[in-house]
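> got a predicted structure here, sequence first:
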Amino acid sequence: MRVILKLVKRNSLNYLYDKASVFFSFLSVLIIIFLYAAFLGKLQVD
């Protein structure tokens, strides 16, 4: 279990080190949610 936690911590720190990748990851999620709401939101209401 400790080995897994160490790997998760190491990979998380490597990912969070690059601020641009974190920003664009969250930006892509926001774009997908916006597109879903814009184009498919009305279909869910009907």
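On my side now, so go ahead. Residues are numbered from 1 along each chain as shown.

> show the model's pLDDT score for Arg10.
pLDDT recorded at Arg10 is 93.

> and for it, the neighbour number?
For Arg10, the neighbour count with other CB atoms under 10 Å is 10. Where you see a C-beta, it was placed from the backbone N, CA and C, and this is true even at glycine.

> again, but for Lys9
10.

> what helix or strand does it sit in?
helix 2-17 (DSSP states H and E).

> and that helix, what other elements does it pack with?
helix 19-35 (3 or more CB pairs under 8 Å, 6 or more residues apart in numbering; DSSP states H and E).

> avg pLDDT for the helix it packs on?
pLDDT averaged over helix 19-35 gives 92.

> who are the packing partners of it?
Secondary elements touching helix 19-35 (3+ CB pairs under 8 Å, 6+ apart): helix 2-17.

> taking helix 19-35 as reference, get the angle to the helix it packs on.
With axes from the mean of the first three to the mean of the last three CA atoms, to 10 degrees as the basis, helix 2-17 and helix 19-35 are set at 80 degrees to each other.

> rewinding a little: ok, and what's touching the helix holding Lys9?
Residues outside helix 2-17 that contact it (CB atoms under 8 Å, 6 or more residues apart in numbering): 21-22.

> just the CA atoms of it, as PDB, please.
The C-alpha coordinates for helix 2-17 follow below in PDB (Å, rounded to 0.1, in the frame of the first residue of the first chain):
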ATOM      1  CA  ARG A   2       2.900   2.400   0.700                       C
ATOM      2  CA  VAL A   3       4.300   1.800  -2.700                       C
ATOM      3  CA  ILE A   4       1.100   2.800  -4.300                       C
ATOM      4  CA  LEU A   5       0.800   6.000  -2.200                       C
ATOM      5  CA  LYS A   6       4.300   7.000  -3.000                       C
ATOM      6  CA  LEU A   7       3.700   6.500  -6.800                       C
ATOM      7  CA  VAL A   8       0.400   8.500  -6.500                       C
ATOM      8  CA  LYS A   9       2.200  11.300  -4.700                       C
ATOM      9  CA  ARG A  10       5.100  11.300  -7.200                       C
ATOM     10  CA  ASN A  11       2.800  11.400 -10.200                       C
ATOM     11  CA  SER A  12       0.600  14.100  -8.700                       C
ATOM     12  CA  LEU A  13       3.600  16.300  -8.000                       C
ATOM     13  CA  ASN A  14       4.900  15.800 -11.500                       C
ATOM     14  CA  TYR A  15       1.500  16.700 -13.000                       C
ATOM     15  CA  LEU A  16       0.900  19.700 -10.700                       C
ATOM     16  CA  TYR A  17       4.400  21.000 -11.400                       C
END
